[in-house]
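K.L.:
need coordinates for the following:
(one chain, ligands or ions: 1)
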Amino acid sequence: MAVTQPAASSVETRAATVRNPYSVLPNWLYPTFVVVALSLFALYAAWVVLFFKDGRFGPYLSPFNSPEFRVTVAGFAIPTGIWIFWIPLVFRFTCYYYRKAIFRSYLWHPRSCALQEPSRGTYHGETRLFVFNNLHRFAFYIVVLQVAVLWYDAVTAFTSNGAFHFGLGTALMLVNVICLSGYTFGCHAFRHMAGGGLDCFSCHRARYRLWQGVTVLNIRHDRWAWVSMFTVWGVDLYIRLLQLGALPHALWN
Ligand code: FES
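P.N.:
Residues are numbered from 1 along each chain as shown. Okay, the predicted model is just below:
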């Protein structure tokens, strides 16, 4: 039986009218959100890292400045965030989820499944410059250490001058490190480390349990990615406003 190919114009019309079966939201909304949110966060992070010498207010410490490395060169105190910012930057930039979001939103390459994208040269996948993404697993190792330090910061924020201390900043720091842990330990690379390459789960019970736990977080990895970015932003903004005297210190003890 002869099969006739649809005319090119009808294919284009269908592509232009394609609807996402999983969402009633318009197709432009997601890429717009990604571009606006990530760009604003990048600008904010650059402002904080370059122009604030430290991120401490009483027992509170911003995740942008933890751990605190204080280095002075020729009388000039180098902002503590300079030593830290590249760790989450590399981790997030090479994260499997953020890569998808960046390719689809900033580069439109690919724009989305079944959607037309501007004409391009040959697609080479993640080769050449993009082999940089292979650093993700190594960034994960360093970020795990950083998350451990942030847990230490959150716990020590419950004391100030030897007394119990509980304020809005303490609560925000705690929520932030929980969200960061949810994002970090739901990492695809970590999931592979936990259970990848095993032919027999019943022979490796501990790794199987770990893999199951990571999978619970991994299923919503995109949500953890966004929520943890906003909690980092929120904690830091709160501490900056306290430092600048623009907000009263909310204390509940
Ligand atoms: Fe997203 Fe590893 S894949 S943090």
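
K.L.:
which SSE is immediately downstream of the worst-scoring helix or strand of the chain on mean pLDDT?
P.N.:
When the helices and strands of the chain are scored by mean pLDDT, DSSP states H and E, helix 8-17 comes last with a mean of 51. Toward the C-terminus, helix 8-17 is succeeded by helix 29-51 as the next helix or strand (DSSP states H and E).

K.L.:
relative to the whole chain's centre, how far out is that following helix?
P.N.:
12 Å (CA atoms, centre = their mean, to the nearest Å).

K.L.:
show me what counts as buried in that helix.
P.N.:
Buried residues in helix 29-51, counted by 16 or more other CB atoms under 10 Å: Y30, P31, V34, A37, L38, A45, V48, V49. (Each C-beta comes from the backbone N, C-alpha and C, glycine too.)

K.L.:
stretch 201-217 too?
P.N.:
By 16+ other CB under 10 Å, the buried positions in stretch 201-217 come out as R207, Y208, L210, W211, V214, L217.

K.L.:
what's the answer for stretch 156-175, then?
P.N.:
A157, S160, H165, G167, L168, G169, T170, L172, M173, L174, V175.

K.L.:
how long is that stretch end to end?
P.N.:
Using CA to CA, to the nearest Å, one end of stretch 156-175 lies 14 Å from the other.

K.L.:
right, and S62 touches W233 too?
P.N.:
No. Because the distance of 10.4 Å does not satisfy CB atoms under 8 Å, S62 is recorded as not touching W233.

K.L.:
remind me which helix or strand the closest residue to L174 other than its chain neighbours belongs to.
P.N.:
Computed as CB to CB, 6 or more residues apart in numbering, the closest residue to L174 that is not its neighbour in sequence is A154, at 4.9 Å. Assigned by DSSP H and E, A154 belongs to helix 136-156.

K.L.:
next up, the contacts around F51.
P.N.:
P79 (CB atoms under 8 Å, 6 or more residues apart in numbering).

K.L.:
mind checking pLDDT for it?
P.N.:
At F51, the model reports a pLDDT of 93.

K.L.:
switch to numbering from 26
P.N.:
That works, and once the first residue is 26, the last one we named lands at F76.

K.L.:
before we move on, the earlier item: what about the residue nearest to L199, how many residues nearby?
P.N.:
24 (other CB atoms under 10 Å).

K.L.:
check H149 too.
P.N.:
H149 has 9 nearby residues by other CB under 10 Å.

K.L.:
and for H217?
P.N.:
Neighbours of H217 (other CB under 10 Å): 13.

K.L.:
ok, residues contacting the helix or strand harbouring it?
P.N.:
Per DSSP H and E: H217 is located in helix 213-220. Helix 213-220 is contacted from outside by 121, 161-162, 165, 209, 226, 232-233, 235-236, 238-240, 243, 246, using CB under 8 Å, 6+ apart.

K.L.:
just the closest of the residues you listed to A173, please.
P.N.:
Set against A173, the nearest of the contacts of helix 213-220 by CB to CB is T209 (10.2 Å).

K.L.:
who touches the closest one in this structure?
P.N.:
Remark: with contacts taken as CB under 8 Å, 6+ apart, T209 is in contact with F116, F165, V168, V169, V172, F215.

K.L.:
residue of the stretch 176-278 of the chain nearest the ligand, please.
P.N.:
Taking CB to the nearest ligand atom as the measure, the point where the stretch 176-278 of the chain comes nearest the ligand is C212, at 3.1 Å.

K.L.:
if I look at that residue, how far off is Y122?
P.N.:
According to CB to CB, to the nearest Å, C212 stands 9 Å off from Y122.

K.L.:
same drill for those two, tell me which one is more crowded.
P.N.:
Legend: neighbour count by other CB under 10 Å for C212 and Y122, higher for C212 (27 against 19).

K.L.:
I am finished for the moment; much appreciated.
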